[in-house]
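> sequence first, then the predicted structure, then my questions.
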Amino acid sequence: MIAPSHRLSSSRHTTRMWLFVLLILLVIVSGCTQAATPSPAPAATACPTDTFTPVPSPTATPSPTHTATPRPTVTPTLTLALSKVEGPTPVLSPTSTPTATAGSTASVAQSSATADGTASSTSPPGSELTGGGLGGLTPPTAAGTYGQVPLVAMGSDVCPLTGLKVDQARLERRPLAVKISNAPAVVRPQAGLSFADVVFEHYAEGNLTRFTAVFLSKDCDKIGSIRSARLIDLEIPAMFKSMFAYSGSSTGVKEEIRNSDFFDRVISPDFGHDSAFKRIPAPGKAFEHTLFSDTAALWKVTDERGLNGRQDLSGWTFSAEPPAGGTPVTQLQIVYSSGYADAEYSYDASAGGYRRAVLGVPHRDELTGQQLVANNVIVVYAPHVESAILEDTHYGGHYSIQIQIWGEGLARIFRDGQMYDVRWLRPGRHDLIRFVDAFGQAFPFKPGNVWIQVVPLGFNIAVK
């Protein structure tokens with residue numbers, strides 16, 4: 001017989017065992033239940049791009065003096081300020097303000113160069129070139145308002161570039177744009193500048209200048225010396241619908257011209273067109289200063305290509321009477337490079353225009369021996385951007401300057417001893433650059449030839 005105390009101990013042991021088994025079962029069941037219950041999915045969060053607000057790119061504040069229509073290419077890398085130059089090598093000071101690019105098409109540095117031998121820049125290609133001559137007249141801030149005058153009737157026998165009557169047969173031909181040297185001083189006096197209807201003077205690299213002369217109403221037996229093209233020559237033949245004669249070009253400019261819309265009108269040894277040119281050696285002149293041509297030879301090539309004929313050159317107006325409201329100015333000096341390149345004009349009423357000098361020396365035409373006289377002088381303010389086209393490697397190398405004469409900007413016109421602030425316009429590539437007053441009315445030139453001095457924005461000139 002089992003003792004009661006022993007039976008109680010056995011019963012407690014059995015109870016503990018079953019409680020332990022039950023606890024294990026409860027743990028197992030609980031774990032299975034949790035595994036079967038799915039965890040709630042995390043709340044979806046918006047993709048960062050769904051709520052991202054882009055920061056607007058900074059935009060340049062439009063200049064009150066110039067609005068250019070951008071053309072793709074020439075990518076600047078820094079801004080340069082064109083400083084006063086006391087010697088042949090320009091000083092270019094980098095700044096940190098970039099400007100928008102525009103222009104023709106080349107954007108890569110070219111390794112070949114011309115044999116110009118001009119002064120150079122040691123800085124890499126950059127953006128807007130500004131500068132001031134040694135004068136004190138600041139650039140215009142707006143176009144002025146001027147009185148109305150009777151205009152020359154532009155008949156079929158009136159040259160659209162001078163407002164003068166000529167033999168109508170002379171106007172039944174395409175204009176000729178010719179590249180003419182202006183540096184070094186040994187190239188002066190040049191031949192034929194007094195026969196041109198329009199002459200552009202502009203910066204080449206190295207702070208020196210070069211001409212593009214446009215011939216239409218007059219024949220000329222000798223033109224030159226003829227030199228190499230620059231980027232501005234992608235614009236002048238387009239606006240004047242002209243042929244373009246020049247000697248050569250850097251690789252970059254050559255490819256720009258080859259790809260231009262007037263390539264069929266190019267006359268240059270660069271492309272094997274030697275028949276229109278002749279070498280005329282002269283004592284003291286290097287070989288590159290001995291290439292010349294004449295209007296007969298250039299128009300002969302134009303005829304042979306079937307490209308001759310009257311062109312639409314409308315846009316300019318002329319008046320023998322100067323508008324009221326001008327500022328009396330009888331002397332003008334544009335210092336491109338102190339001691340090396342400037343343009344000086346002194347009004348001479350008896351000559352009907354402004355006598356031209358360079359560095360204090362009367363500027364003459366080799367053919368006539370007479371001092372050049374401009375009936376109209378126009379100072380055009382336009383953006384100047386150093387391209388990536390290497391022109392030569394002298395003094396460390398320097399780059400071709402893209403002069404952006406498209407869109408609109410400000411200008412000053414000098415005629416009859418008076419100065420007028422106007423606006424220039426060139427809305428389309430094939431539009432002749434025009435000049436208007438504050439009301440948008442065409443400003444009339446004095447009948448006669450026109451000299452256009454192209455300078456950078458912010459450029460100061462001297463007048464009195």
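Here it is on my side, so go on.

> tally of neighbours for Arg279?
Arg279 has 8 neighbours, counted by other Cβ atoms under 10 Å. Glycine gets a C-beta too; all of them are placed from N, C-alpha and C.

> what's across from it in the sheet?
Leu291 (DSSP bridges).

> distance of it relative to Pro269?
11 Å (Cβ to Cβ, to the nearest Å).

> in the stretch 251-400 of the chain, where is pLDDT below threshold?
For the stretch 251-400 of the chain, no stretch has pLDDT under 70.

> identify the contacts common to Arg279 and Pro269.
Shared contacts of Arg279 and Pro269, defined by Cβ atoms under 8 Å, 6 or more residues apart in numbering, comprise Leu291.

> ok now do the closest residue to Leu372 other than its chain neighbours, which residues does it touch?
Excluding its sequence neighbours, the residue lying closest to Leu372 (Cβ to Cβ, 6 or more residues apart in numbering) is Arg356, at 4.3 Å. With contact set as Cβ under 8 Å, 6+ apart, Arg356 has these partners: Ala343, Glu344, Tyr345, Pro362, His363, Gln371, Leu372, Val373, Ala374, Trp451.

> give me the sheet partners of the helix or strand harbouring Arg356 and which way each runs.
Per DSSP states H and E: Arg356 is located in strand 353-358. Partners of strand 353-358 in the sheet, by DSSP bridges, are strand 341-348 (antiparallel), strand 361-362 (antiparallel), strand 373-374 (antiparallel).

> out of those, deepest packed?
Among the strands paired with strand 353-358, strand 373-374 has the highest mean neighbour count (mean count of other Cβ atoms under 10 Å), at a mean of 24.

> chain center to it, what's the gap?
Taking the mean of its C-alpha atoms, strand 373-374 sits 26 Å from the chain's own mean (Cα atoms, centre = their mean, to the nearest Å).

> and for stretch 257-269?
19 Å.

> any idea how far apart the tips of it sit?
In stretch 257-269, first residue to last residue: 13 Å (Cα to Cα, to the nearest Å).

> please tell me how far the residue nearest to Leu372 sits from Ala462.
Arg356 is 15 Å from Ala462, where distance means Cβ to Cβ.

> ok, Arg230 next?
For Arg230, the distance to Ala462 - Cβ to Cβ - is 26 Å.

> who's more crowded, those two?
With neighbours defined as other Cβ under 10 Å, Arg230 and Ala462 compare such that Arg230 has more, 27 against 16.

> check contacts around the more buried one.
Arg230 touches Lys179, His202, Ala204, Arg210, Ser249, Val253, Ser400, Ile401, counting by Cβ under 8 Å, 6+ apart.

> please redo it, this time with the cut-off set to 10 Å
Residues in contact with Arg230 (Cβ atoms under 10 Å, 6 or more residues apart in numbering) are 114, 179, 202-205, 210, 212, 236, 246, 249-250, 253, 256, 389, 391, 400-403.

> which of those residues fall in helices?
Counting by DSSP state H, the contacts of Arg230 place Ile236, Val253, Glu256 in helices.

> helix/strand/coil for the residue lying closest to Lys300 once chain neighbours are set aside?
Leaving aside its chain neighbours, Lys300 sits nearest to Ala276 (7.3 Å; criterion: Cβ to Cβ, 6+ apart). On the three-state scheme (DSSP: H, G, I helix; E, B strand; the rest coil), Ala276 is labelled coil.

> give me the neighbour count for Ala276.
21.

> same deal with Tyr381?
Neighbour number of Tyr381 under other Cβ under 10 Å is 23.

> so how far is Ala462 from it?
Tyr381 sits 15 Å away from Ala462, taking Cβ to Cβ as the criterion.

> same question for Leu359.
According to Cβ to Cβ, Leu359 and Ala462 sit 14 Å apart.

> cool, Ser387 as well?
29 Å.

> same question for Glu366.
Look at Glu366 and Ala462: by Cβ to Cβ, they are 28 Å apart.

> Thr302 contacts Asn308, correct?
Yes: between Thr302 and Asn308 there is a contact at 4.6 Å, judged by Cβ atoms under 10 Å.

> and for those two, which residues touch both?
In contact with both Thr302 and Asn308: Arg173, Arg174, Met243, using Cβ under 10 Å, 6+ apart.

> so who does the closest residue in space to Leu216 that isn't next to it in sequence touch?
Using Cβ to Cβ, 6+ apart and skipping the chain neighbours, the partner closest in space to Leu216 is Pro175 (4.5 Å). Contacts for Pro175 were tallied using Cβ under 10 Å, 6+ apart; they are 160-161, 196-198, 214-217, 236-237, 240-244, 302, 310-311, 313.

> please report the distance of Pro175 from Leu372.
Counting by Cβ to Cβ - Pro175 and Leu372 are separated by 20 Å.

> so which strand or helix has the closest residue to Asp261 other than its chain neighbours?
Computed as Cβ to Cβ, 6+ apart, the closest residue to Asp261 that is not its neighbour in sequence is Ala238, at 7.0 Å. Using DSSP H and E, Ala238 sits in helix 236-240.

> perfect, that will be all.
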